[in-house]
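[1] got a structure for you, letters missing:
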């Protein structure tokens, strides 16, 4: 209430100018130092003791797990969001304000979106690029700017994490509030048509019922869908097919999976350059998320979180330096990959958290050389110099191909390499 009343008075004196609200909110959060004065569990206790809470802005917890409004003003409110799972969702805001980490820590990524073409008011195609990334700890404050000026994602590292958010109710000039899908798509997630929503539910019913005509019926509808409906329907079908373990995306052993057939129908109408890259990227995220869900060791979970959120090994190395200041980044990557390769999944004899069976010393050596920017004959020559013997070049080429194509290593396969050590890892 104190911080809310302070912001309300200051903003009112400035005629509720939204241009200055993020600065007002951020400065107030920094001065209040709430995380050092109370805990999220004290907030929970306080909430449960109240006869009547402030007006709740998100009763059904559509954002946060859960969110709770602790101050409700005439033009802004203060929420506390709890988070038990990390999310890779990239978004902009139809409001403005500021937030502060109250509990836990997060990877914060800030993006730019270069518009290629506007499909309509609710969908755009362009090119996404990462501006910067950082680790946010308890007490850190960030301004929230409306619209394209602040396209970002927060991946919460701890269970739970919690953030204090001071925000306006809505900034009409910053709508629609796009969600972004790497590498090229912006979609308004709040646009909804009753008919399309119901049709999507019925398409799901056809698949869940294993109706023999499901593919024909859905395919006929998909062939006539507009751009935004096509993407939303593909998203729904992909989730449904994967969750039912009916199909796997883009597997070489099943190139004509059901989802692949739906995707080809969509591409006939809307082109081959939009949807497929998005779903390939989502496949990579799903693969790494699955491994992180099975990892319990904090350093491994942190490393997998970096692979989920950051593309480019220089950026990944920078965050590894922050987390492990006494280690060289390449050394730390190799240590963590070694641990993943030797962490068995419960109930299996061979499967490991890395997802590459029989990943041994030579594989680790080849990965190291790739991280140093070497390829092909350069790796073989490095081996010859390091160990004084001729390598099996075909074996090295095979291992290089596997490493470069592995989903788990995809984020590391960009940017220039850093100097460091050579040599095989001791078993």
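    Good, I have the coordinates. The structure displayed is predicted, hence computed values, not measured ones.
[2] Tell me the buried residues in stretch 28-47?
    Across stretch 28-47, burial judged by 16 or more other CB atoms under 10 Å covers 28, 29, 32, 34, 35, 40, 43. Bear in mind the C-beta positions are built from the backbone N, C-alpha and C, glycine included.
[3] again, but for stretch 269-287
    Buried positions in stretch 269-287, judged by neighbour count with 16+ other CB under 10 Å: 270, 274, 275, 276, 278, 279, 281, 282, 283, 284, 285, 287.
[4] With secondary structure and pLDDT added, can I get these in a markdown table?
    Formatted as a markdown table, the buried residues of stretch 269-287 follow (DSSP: H, G, I helix; E, B strand; the rest coil; pLDDT from 0 to 100):
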| residue | secondary structure | pLDDT |
| --- | --- | --- |
| 270 | helix | 93 |
| 274 | coil | 91 |
| 275 | helix | 95 |
| 276 | helix | 94 |
| 278 | helix | 95 |
| 279 | helix | 94 |
| 281 | helix | 92 |
| 282 | helix | 92 |
| 283 | helix | 90 |
| 284 | helix | 89 |
| 285 | helix | 90 |
| 287 | helix | 87 |
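[5] Check those residues and tell me the two furthest apart.
    Using CB to CB, these span at most 25.7 Å, a distance reached by 270 and 287.
[6] From the rest of the structure, what touches the helix or strand containing residue 45?
    Assigned by DSSP states H and E, residue 45 belongs to helix 40-49. Helix 40-49 is touched from outside by 53, 68, 70, 80, 82, 102, 103, 160, 162, with contacts defined as CB atoms under 8 Å, 6 or more residues apart in numbering.
[7] Report the mean confidence score over it.
    Taken as a whole, helix 40-49 carries a mean pLDDT of 95.
[8] ditto for stretch 364-383
    The pLDDT scores in stretch 364-383 average 93.
[9] Span of it from start to end?
    Distance between the two ends of stretch 364-383: 12 Å, counting by CA to CA, to the nearest Å.
[10] Report the buried residues of it.
    Applying a neighbour-count criterion of 16+ other CB under 10 Å, one finds 364-372, 374, 379-380, 382-383 buried in stretch 364-383.
[11] May I see those arranged in a markdown table, with secondary structure as well?
    Output for the buried residues of stretch 364-383, formatted as a markdown table (DSSP: H, G, I helix; E, B strand; the rest coil):
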| residue | secondary structure |
| --- | --- |
| 364 | helix |
| 365 | helix |
| 366 | helix |
| 367 | helix |
| 368 | helix |
| 369 | helix |
| 370 | helix |
| 371 | helix |
| 372 | coil |
| 374 | coil |
| 379 | helix |
| 380 | helix |
| 382 | helix |
| 383 | helix |
